[in-house]
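1. coordinates only, sequence not included:
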DNA sequence: TTATAACATGCAATCGGTTGCGCAATTGAT
DNA sequence: ATCAATTGCGCAACCGATTGCATGTTATAA
């Protein structure tokens, strides 16, 4: 078989005794080409098993029909879902998606942006890493004149569109719920990093306490990296307090799970003695015993919405697009870990 | 700022009064260029904020430095981890990765392959969808002369390299373990689809029973799509048997979880009355109560290994590469759900 | 019948790097 | 001092598709 790849429009042209220009126009359904010719071209293309070379087209057009996605890590349920949502929308529009992971490293984030720009992606969708404090590398994206849309972990230091959930509201609802369940000494796990989502959740926690006349106690707020092990440590720390908490709201489901383990190991009943709530509605939360109260972030929807905003902006092109800020409403998922009154 | 993107090697050449050829060679560290010139070029490149256009290079070289990955779905923990592993290796080699989802649809799988080929990826790594029965679309990849490597859900109907775990062995170990725990009437959840991994696990189940002199009972093998809800239904079905099972080995962690829920709802003690085991070591399995016994598939390792095999093949190029079949050893993770003897 | 419009296709440049070949200049050996 | 070897760089074609402009042909109008 001579089909060693590489059948080009020139081969089709030669076969039909016409020029590559005509073939190109025929394949693109250009009205200036007769139907007869078009049909002949299509037929020849099938016969020769022609495969368009998007790279050549991309070079000529300056569009690659590929968009880049940057996430801290691709195997975390939340990000995986968002990516899936983006991909669904992108595919429908005939765009492909390149996924890169920043591993929450500032350095890697810069490299990744470099790589994507060199790959000539038509735009970038990103969620900022935990350790990113300056945003010059993101500004390079704007300078290249291609759209940038941020989701979830965003920043107001960049004038770009953002899609996120209302972390403040989500946290507020959780704490309000815990209070309504009769809890009055509520612990909180948060991150030491200056990341907006954790700041907002902390703010929601503080405001909810305030609005219900519950004093804020710094002792009850524990900072960590919010992984499972961190949650275990944080919980142990809270248990050493003379005045123990009767509830814990963790900014992460994993840390909440760690807390649950420690509580169970200490034979402390959940939710009777300590009510528990996480954040993110990671799939595992419904499988724990007791099932974990948490906040759903509608990750798939966020992905789709982000993609929509992105493509809207892509279509708009140069015309100064006004950055939009889309804030999705989170949903409190009440499960057994916090349900005292049945 | 005139940096409206598009600084090319020609701009650098002009600035230095040399030609684009020299700039190109300098940037690629070609030995035929003097160090003086190289330094000047690098300096000018920084100054002008030059961003190489990989698309142009890709067109000329016939390599895009992008590889395509096809997975049924990107947000399942297992696939997300494999992808992560592949990406780590790829990035180290300066390759980018395009992720496409087939959603287990034969049709979508074909479209996806089309799209990737058009994007001129340098090769494809894939896991076959559940509903794929013919493989002509995969053969097109070989015909294009680019490498194809399959992982996990593979087939012997294609002469390509494959990386998988020993599903047979994993299943055998699980069942052997259950038997050693004193179980003798062991149910099994499997898929009706003709997918190798499920076939192999079933085979392991059957052989283990046989080797330990336990009769095979068709009634105990339930076929379903293996999702959570399916697991619930399957468990309910098994509970209607006059002679109930004293253990269940599910080919999926999710279905095992469904079974666990039903058992708990029926106040049937795990593992005392019914021992339970899943397959995949999905992150949630360590969070259930009791924690679920399962089989680890080393997804990250599988991803890395797959990428290694892939790049090995990519480097080999045309030279008839002999397809390798790499079978990783799975690990039985024994947890409370099956541990009767403590 | 002739001028004009409408139509179908060809020509050639272009996108931005890459590379085989060639030429000039410098170096070294005899 | 002479010739070959080495070094450093330019020329121009090329990768494959796209597109403004030109050309040739046929149909319509005057």
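-> Yep, it's here. Everything quoted here is computed from the prediction, not taken from an experiment.

2. Spit out the contact partners of the residue of the stretch 151-300 of chain A at minimum distance from DNA strand C.
-> Nearest residue of the stretch 151-300 of chain A to DNA strand C (C-beta to the nearest atom of the strand) works out as residue A:160 at 24.2 Å. Bear in mind the C-beta positions are built from the backbone N, C-alpha and C, glycine included. Listed by C-beta atoms under 8 Å, 6 or more residues apart in numbering or on different chains, the contact partners of residue A:160 are A:138, A:142, A:148, A:149, A:150, A:323.

3. if I look at the closest residue in space to it that isn't next to it in sequence, how far off is residue A:306?
-> Sequence neighbours aside, residue A:148 is the residue nearest to residue A:160 in space, at 4.9 Å (criterion: C-beta to C-beta, 6 or more residues apart in numbering or on different chains). As judged by C-beta to C-beta, to the nearest Å, residue A:148 and residue A:306 stand 11 Å apart.

4. Check residue A:113 too.
-> With C-beta to C-beta as the criterion, residue A:113 and residue A:306 are 17 Å apart.

5. Please apply the same query to residue A:313.
-> When C-beta to C-beta is the yardstick, residue A:313 and residue A:306 sit 11 Å from each other.

6. More neighbours: which of the two?
-> Here residue A:313 and residue A:306 are compared on neighbour count by other C-beta atoms under 10 Å in any protein chain shown; more neighbours surround residue A:306, at 27 against 21.

7. That one and residue A:87 touch, don't they?
-> No: at 11.2 Å, residue A:306 and residue A:87 do not qualify as touching, with contact defined as C-beta atoms under 8 Å.

8. anything in contact with each of residue A:148 and residue A:306?
-> residue A:125.

9. anything in stretch A:95-110 near chain B?
-> Yes: when contact is scored as C-beta under 8 Å from any C-beta of the partner chain, part of stretch A:95-110 falls within range of chain B: A:96, A:97, A:98, A:99, A:100, A:101.

10. farthest pair in these?
-> Taking C-beta to C-beta as the measure, the residues of stretch A:95-110 next to chain B reach their widest spread between A:96 and A:101, a distance of 17.4 Å.

11. quick one: contacts for the residue nearest to residue A:160?
-> Applying C-beta under 8 Å, 6+ apart, the residues contacting residue A:148 are A:123, A:124, A:125, A:126, A:138, A:141, A:142, A:158, A:160.

12. show me what contacts the closest residue in space to the first one that isn't next to it in sequence?
-> Among residues not flanking residue A:123 along the chain, residue A:147 sits closest, at 4.1 Å (C-beta to C-beta, 6+ apart). Residues in contact with residue A:147 (C-beta under 8 Å, 6+ apart) are A:122, A:123, A:124, A:310, A:313, A:314, A:321.

13. can I assume residue A:261 sits in a helix?
-> Yes: the assignment for residue A:261, made by DSSP: H, G, I helix; E, B strand; the rest coil, places it in a helix.

14. count of neighbours near it?
-> The burial metric for residue A:261, expressed as a neighbour count using other C-beta under 10 Å, is 19.

15. Also residue A:341?
-> Per other C-beta under 10 Å, the neighbour tally for residue A:341 reads 7.

16. Isn't it up against residue A:178?
-> No: when contacts are counted by C-beta under 8 Å, residue A:341 is not listed as touching residue A:178 (11.9 Å).

17. the domain parsing of chain A - what is it?
-> Chain A breaks down by automatic domain parsing into domains covering A:9-52, A:61-165+A:299-327, A:167-297.

18. how about those, which one is nearest residue B:188?
-> Comparing these by their distance to residue B:188 (C-beta to C-beta), the top pick is domain A:167-297, with 21.2 Å.

19. Could I get the average pLDDT for that closest one?
-> Within the predicted structure, the mean pLDDT of domain A:167-297 is 97.

20. How about that domain and chain B, any contact?
-> Yes: applying C-beta under 8 Å from any C-beta, one finds that domain A:167-297 is in contact with chain B at A:257, A:264, A:283, A:284, A:287, A:288, A:289.

21. so which pair among those is furthest apart in space?
-> Spatial extent of the residues of domain A:167-297 next to chain B (C-beta to C-beta) is set by the pair A:264 and A:283 at 20.4 Å.

22. Show me which of these two is the more surrounded one.
-> Between residue A:264 and residue A:283, counted using other C-beta under 10 Å, residue A:283 has the larger neighbour count: 20 against 15.

23. on that earlier part again, let's see the pLDDT reported for the residue nearest to residue A:160.
-> Reading off the confidence values, residue A:148 has pLDDT 96.

24. who's it bridged to?
-> residue A:124 (DSSP bridges).

25. The one residue in the stretch 101-250 of chain A that gets nearest to DNA strand D: what's it in contact with?
-> Scanning the stretch 101-250 of chain A for proximity to DNA strand D using C-beta to the nearest atom of the strand identifies residue A:120 as nearest, at 12.8 Å. The contact partners of residue A:120, by C-beta under 8 Å, 6+ apart, come to A:58, A:62, A:64, A:66, B:53, B:54, B:55.

26. so who does the third one touch?
-> By C-beta under 8 Å, 6+ apart, residue A:64 lies in contact with A:54, A:58, A:119, A:120, A:121, A:122, B:55.

27. how about the fourth one, secondary structure?
-> Under three-state DSSP, residue A:120 falls in the coil class.

28. do the same with the last one
-> Three states are possible here, and by three-state DSSP the one that applies to residue B:55 is helix.

29. what's the neighbour count on it?
-> With neighbours defined by other C-beta under 10 Å, the count for residue B:55 comes to 25.

30. That one contacts residue A:54, correct?
-> No: Residue B:55 sits out of contact with residue A:54 when judged by C-beta under 8 Å, with a separation of 9.4 Å.

31. Which positions in stretch A:135-149 come out as buried?
-> In terms of neighbour count (16 or more other C-beta atoms under 10 Å in any protein chain shown), stretch A:135-149 has its buried residues at A:137, A:138, A:140, A:141, A:144, A:146, A:147, A:148, A:149.
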